[in-house]
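**Student:** here's a sequence, model it:
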Amino acid sequence: MPQQLQLIEVLLLKEYLKVNYYTIMATIKIKQVRSKIKCPKSQKLTLAALGLRKINAIVEHEDTPAILGMVAKVKHLVQVEK
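**Tutor:** Reported below is the predicted structural model:
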């Protein structure tokens, strides 16, 4: 019985930490403002990875170095809001 209680406590603690981790992380809104036509394939794939498929589409992502690097690669096609 004590092992079951420990397992439940650990799972609850992991959920609590996960929720707090995501609430602490800042998010950014990325809006596609220009077309991806005539862009290199790598930039088209970057837009797809960000979840942008049409002009004026808006997605929200966490403010991580990976996302910021992707945004920097297609900065001429998107607009970023904090």
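**Student:** from now on I want contacts and neighbour counts done on CA atoms only, so please keep to that.
**Tutor:** Will do.
**Student:** I'd say K44 and K38 touch.
**Tutor:** No. K44 is beyond contact range of K38, at 9.4 Å (criterion: Cα atoms under 8 Å).
**Student:** which one of these two is surrounded by more residues?
**Tutor:** Higher neighbour count among K44 and K38: K44, with 18 against 8, using other Cα atoms under 10 Å.
**Student:** so what's the more buried one up against?
**Tutor:** K36 (Cα atoms under 8 Å, 6 or more residues apart in numbering).
**Student:** what pLDDT does it get?
**Tutor:** K44 is assigned a predicted lDDT (pLDDT) of 97.
**Student:** any idea how far it lies from L52?
**Tutor:** 9 Å (Cα to Cα, to the nearest Å).
**Student:** over to Q32?
**Tutor:** Applying Cα to Cα to Q32 and L52 gives a distance of 7 Å.
**Student:** more neighbours: those two, which one.
**Tutor:** The neighbour comparison of Q32 against L52 (other Cα under 10 Å) goes to Q32, with 23 against 19.
**Student:** which non-adjacent residue is nearest L77?
**Tutor:** When the adjacent residues along the chain are set aside, L77 lies closest to R34, with 4.8 Å between them (Cα to Cα, 6 or more residues apart in numbering).
**Student:** which neighbours do Q32 and L52 share?
**Tutor:** Shared contacts of Q32 and L52 (Cα under 8 Å, 6+ apart): I58.
**Student:** ok so, going back, and the residue nearest to L77, how many residues sit next to it?
**Tutor:** Around R34 there are 13 other residues, counting by other Cα under 10 Å.
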